[in-house]
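A.B. asks: any chance you can model this:
(chains A and B)
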Amino acid sequence: MTTILSLTSSFKFVVKENTPRRGAKRSEFINQYEPNKQKTFNSGRTFRFQSELSIGKTNLSRQMEDFVSYVESGSVEKALQLFDEMNERSSFLWNLIIRVLTNSGFFEEALDLYFRMSIEGTKADNFTFPFVIKACGGCLDHDVGRKIHSKLFKDGLDLDLHISNSLILMYAKLGCIGSAEKVFDEMPIRDLVSWNSMINGYIMISDGLASFMCVRKMQQYNMRPDRFTIMSTLHASSLVCSLPKGKEIHALTIKSKLECNPMVQTSLIDMYGKCGGMCYAERFFNMISQRHIASWNAMIRGYALNGRPLESFSCLRKMQENGCKPDNVSLINLLLSCSQVGSVLMGKTVHGYAIRMEFLSHIVLETALIDMYGKCGEPRLAELAFNRMHQRNLISRNTLIASLVQNGLYKDALKFFWDIWNDGLKPDAMTITGILPVYSEIAQLREGKQLHGYIVKSGFCSNTFVLNSLTYMYAKCGDLVSARDMFDGIFLKDVISWNTIIMAYAIHGYGEVSVKLFSKMKKMGIKPNASTFVSLLSSCSVSGMVEEGWKYFNSMKSEYGIDPDIEHYGCMLDLLGRVGDLNRAKQLITEMPLEPTSRIWGSLLAASRRHRDLEVAEFAAKKMLPLEHDNTGLYVLLSNLYAETGRWEDVKRIKSLMKSRGLTKTVGVTMVDVKGKTFRFTNEDRSHEHSHLIYDVLDIILKNPRGDLSKFKPIDLLRKMSKSTDRHSVRLARNSGWRFEDLSPFQNG
DNA sequence: TTAGGGTTAG
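C.D. replies: Coordinates of the predicted model:
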């Protein structure tokens, strides 16, 4: 027989360990508990097992008393030490030790002790299983969970009230809501906990409506809601973002005399914050006599979620004045406000405070720091914060990848993405949605397709977020057909899916299709948001649909209650500029209720250049210059316009102005991916050995805008090319056995 | 001894 001798406090972080209970042979399992063998768990705890020791001197009843008190107070280490010293362990003692481990979050250890219990000959009973099942849910161990359920079925214990209640929650935690419902339906007797577990189960899978329906059904069975029911339904209200529903539950809380419960109070503030009712949250919060830290934190978060970041900081000050010290959660919530303001200085202050108060390392806080640095435009600081973490998980990696992508550091993002596999982890849907924009930006369709293959293999194909990103990736990489395929394959299309496909057709110049898709979207009952109109107005712009453009622009406020933002005005200006209505464009700028940005003036400038209107161009440039004096594009645009109208003196003036201000022309680079190799080329670039050939084909392509190039067989192209004066390129093409897809512009990629 | 709990990162 082996016993646990001691629990060392060496917090060594073990990334992944295959515990023998997963499909291992029984002998292997027993083997790990050999005398003097040490075992480290994922939690970082290390147990050492030694041969049986006899103590015998201790007064048994006193020992038992101490043991129970350690378990009651959650003193895991002391309880384990005492458990270790006990010679005879009844199922009662085993149940207690498994209970304390599970309730302290040592799920893996609790499961190991459960297996040891049976090996040592003590039978698990109806008191053991609720905690063992909870441990399975805690460490998301689907296999063990199902195996234990089968064993319970065989032993006839599966219908026990407490065991069934635990099974409902375990299945919900594992995302198997169907299994949870089955357990619930088959229960011969259900108590309030059963109903609460099912209600909470729906919350776990983010199904607020199902949760409400379950509450209604529960009331039909004459079950009166308790504080757990109230907390869950408040959570459900936040999930469906329904303030009226939340208020209804607040009324029920008062009726049920549960309003004074601190946890219910926090849930109420949280619900109001998440449903956009901060005034109700404030009113309620001011009524509370004894404010708990969680209530303060819920207020701080509420302000951040409602776009009132500065007030979340004043709330923190008030909290401190009231003698309540901020904790990890307060700082996590504050970081959200820092990101909203985009103030890295405020973020650094929070970071510094966290270090001084010794809140680090804390994985959630550290991840929030990475996110803040990324959103504040400091990807290198995000990376630094990541590198300093003692423990990293998939979420912290995903956050770093998203931060790098947001800030255009695509190569670094890819490196961290591949590191996920190297570190033995598996990317999840969030990783995929984080990294996919990289392939869109660098237009690497081949790699993008490879990732698509991984998505299919990993079963993320039903995830709307993933499919939205794939739609965008294909559209940006020029493969509109695949983009449409992706969109059509989305089972639950959300507003982002529709916005993406509308934008996809817009960027390919098919504005009419975008408009049709918008009508379809409305028919399907999807409510457009501000981004929908950016996509839609861009579509009208690319296709020069002025009337439709105005119609949609005007409907934003009147039909959908959306105030046009600067981006929408920008789209309208692009549209007016494209059709050459410069006067109307100028009028729109003067009439708009927002302060024109350089983007707005830039749009007018580009339009006036296109229509060779020097007067409007100079007007726009004068307005733009104070806002963006270092915008090279502005100077270049103006200089080109002067050149086109033959004002060479002005061209010289602009060029010397650029020189004196230290501005150099930014070169635009186009990248083409051909057979796995990326080629970059710039305007008028003739560095490639086949540049004659390339320019000839380019000429053919340009003469066939919007034409279906696939119908051109290589021989046709060659025939067309043979008419070209450059015989050399044709000969070269024939000799090299050139095919259309072999167009490899410049091999300096 | 039994089950369910507030605010918390992408």
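A.B. asks: what about the helices in the stretch 51-200 of chain A?
C.D. replies: Counting by DSSP state H, counting those that start in this stretch, the stretch 51-200 of chain A forms helices over residues A:60-73, A:76-85, A:91-103, A:107-119, A:129-138, A:142-155, A:161-173, A:177-186, A:192-204, given from the N-terminal end onward.
A.B. asks: for the stretch 251-400 of chain A, same thing?
C.D. replies: Along the stretch 251-400 of chain A, counting by DSSP H, counting those that start in this stretch, helices occupy A:262-274, A:278-287, A:293-305, A:309-321, A:328-341, A:344-356, A:363-375, A:379-387, A:394-406.
A.B. asks: tabulate these (TSV), appending mean pLDDT, mean neighbour count and distance to A:K415.
C.D. replies: C-beta coordinates here come from the backbone N, C-alpha and C atoms, glycine included. What follows is those, written out as TSV (pLDDT from 0 to 100; neighbours: other C-beta atoms under 10 Å; distance: least, C-beta to C-beta, whole Å):
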stretch	mean pLDDT	mean neighbour count	distance to A:K415
helix A:262-274	93	24	36
helix A:278-287	93	16	41
helix A:293-305	93	24	31
helix A:309-321	91	17	32
helix A:328-341	92	23	24
helix A:344-356	91	17	23
helix A:363-375	94	24	16
helix A:379-387	94	19	10
helix A:394-406	94	23	9
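A.B. asks: tell me which of the helices of the stretch 51-200 of chain A lies nearest to DNA strand B.
C.D. replies: Across the helices of the stretch 51-200 of chain A, the minimum distance to DNA strand B, taken as C-beta to the nearest atom of the strand, is reached by helix A:192-204, at 2.0 Å.
A.B. asks: is the closest one anywhere near DNA strand B?
C.D. replies: Yes: counting by C-beta under 7 Å from any atom of the strand, DNA strand B has neighbours in helix A:192-204: A:192-194, A:196-197, A:200.
A.B. asks: so where does A:F228 fall, helix or strand?
C.D. replies: Take DSSP states H and E as the rule and A:F228 turns out to sit in helix A:227-239.
A.B. asks: contact residues of the stretch 101-250 of chain A facing DNA strand B?
C.D. replies: Proximity of the stretch 101-250 of chain A to DNA strand B is assessed by C-beta under 7 Å from any atom of the strand, with A:103, A:125-127, A:130-131, A:134, A:161-162, A:165-166, A:169, A:191-194, A:196-197, A:200, A:226, A:228-229, A:231, A:235 identified as the residues in range.
A.B. asks: do the stretch 251-400 of chain A as well
C.D. replies: Applying C-beta under 7 Å from any atom of the strand, we find that the stretch 251-400 of chain A lies next to DNA strand B at A:262-263, A:265-267, A:270, A:292-295, A:297-298, A:301, A:328-329, A:332-333, A:336, A:363-364, A:367-368, A:371, A:393-396, A:398-399.
A.B. asks: and the most centrally placed residue in chain A, what element?
C.D. replies: For chain A, A:M430 is the residue whose C-alpha lies nearest the centre (C-alpha atoms, centre = their mean; 5.2 Å). When secondary structure is defined by DSSP H and E, A:M430 falls within helix A:429-441.
A.B. asks: quick check: A:E282 vs A:S314, distance?
C.D. replies: According to C-beta to C-beta, to the nearest Å, A:E282 stands 12 Å off from A:S314.
A.B. asks: over to A:I203?
C.D. replies: For A:I203, the distance to A:S314 (C-beta to C-beta) stands at 32 Å.
A.B. asks: got it, and A:C214?
C.D. replies: Going from A:C214 to A:S314 by C-beta to C-beta gives 39 Å.
A.B. asks: now do the strands in the stretch 601-749 of chain A.
C.D. replies: With DSSP state E, counting those that start in this stretch applied, the stretch 601-749 of chain A shows strands at A:669-674, A:677-682, listed in chain order.
A.B. asks: so where's the stretch 551-700 of chain A uncertain?
C.D. replies: For the stretch 551-700 of chain A, residues meeting the criterion pLDDT under 70 lie at A:665-678, A:700.
A.B. asks: no no, the stretch 351-500 of chain A
C.D. replies: For the stretch 351-500 of chain A, counting by pLDDT under 70, the residues that fall below are A:443.
A.B. asks: what residues does the stretch 601-749 of chain A have near DNA strand B?
C.D. replies: Taking C-beta under 7 Å from any atom of the strand as the criterion, the stretch 601-749 of chain A does not approach DNA strand B at any residue.
A.B. asks: the closest residue to DNA strand B within the stretch 501-650 of chain A: what's it in contact with?
C.D. replies: Among all residues of the stretch 501-650 of chain A, A:S531 sits closest to DNA strand B, at 17.2 Å; criterion: C-beta to the nearest atom of the strand. By C-beta atoms under 8 Å, 6 or more residues apart in numbering, the contact list for A:S531 reads A:495-496, A:499.
A.B. asks: check which element follows the helix or strand that contains it along the chain.
C.D. replies: A:S531 belongs to helix A:530-542 when assigned by DSSP H and E. Towards the C-terminus, the helix or strand next in line after helix A:530-542, according to DSSP H and E, is helix A:546-560.
A.B. asks: can you give me the buried ones in that next one?
C.D. replies: When neighbours are counted by 16 or more other C-beta atoms under 10 Å, the buried residues of helix A:546-560 are found to be A:546, A:548-550, A:552-553, A:556.
A.B. asks: got it, and stretch A:108-121?
C.D. replies: By neighbour count on 16+ other C-beta under 10 Å, the buried set for stretch A:108-121 is A:108-117.
A.B. asks: pull the distance from that stretch to the chain's centre.
C.D. replies: Relative to the centre of its chain, stretch A:108-121 is centred 37 Å away, using C-alpha atoms, centre = their mean, to the nearest Å.
A.B. asks: just the CA trace of that stretch, in PDB.
C.D. replies: The C-alpha coordinates for stretch A:108-121 follow below in PDB (Å, rounded to 0.1, in the frame of the first residue of the first chain):
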ATOM      1  CA  GLU A 108      -6.900  16.500 -11.900                       C
ATOM      2  CA  GLU A 109      -5.600  15.600  -8.400                       C
ATOM      3  CA  ALA A 110      -9.100  14.800  -7.200                       C
ATOM      4  CA  LEU A 111      -9.600  12.400 -10.100                       C
ATOM      5  CA  ASP A 112      -6.300  10.700  -9.400                       C
ATOM      6  CA  LEU A 113      -7.300  10.200  -5.800                       C
ATOM      7  CA  TYR A 114     -10.600   8.800  -6.900                       C
ATOM      8  CA  PHE A 115      -8.700   6.200  -9.000                       C
ATOM      9  CA  ARG A 116      -6.400   5.500  -6.100                       C
ATOM     10  CA  MET A 117      -9.300   5.000  -3.800                       C
ATOM     11  CA  SER A 118     -10.600   2.100  -5.800                       C
ATOM     12  CA  ILE A 119      -7.100   0.700  -6.200                       C
ATOM     13  CA  GLU A 120      -6.700   0.700  -2.500                       C
ATOM     14  CA  GLY A 121     -10.000  -1.200  -2.100                       C
END
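A.B. asks: before we move on, back to that, and the residue nearest to the centre of chain A, what does it touch?
C.D. replies: Under the criterion of C-beta under 8 Å, 6+ apart, the contact list for A:M430 reads A:394-395, A:398, A:465.
A.B. asks: recalculate using a threshold of 7 Å.
C.D. replies: A:N398 (C-beta atoms under 7 Å, 6 or more residues apart in numbering).
A.B. asks: again, but for A:M503
C.D. replies: When contacts are taken as C-beta under 7 Å, 6+ apart, A:M503 is in contact with A:535, A:538.
A.B. asks: the particular helix or strand that has it in it near DNA strand B at all?
C.D. replies: When elements are defined using DSSP H and E, A:M503 is found to belong to helix A:495-507. No: interface with DNA strand B: helix A:495-507 contributes nothing (C-beta under 7 Å from any atom of the strand), its closest point being 14.4 Å away.
A.B. asks: can you list contacts of the helix or strand hosting A:P244?
C.D. replies: Assigned by DSSP H and E, A:P244 belongs to helix A:243-255. Applying C-beta under 7 Å, 6+ apart, the contact partners of helix A:243-255 are A:225, A:230, A:233-234, A:237, A:259, A:264, A:268, A:271-272, A:275-277.
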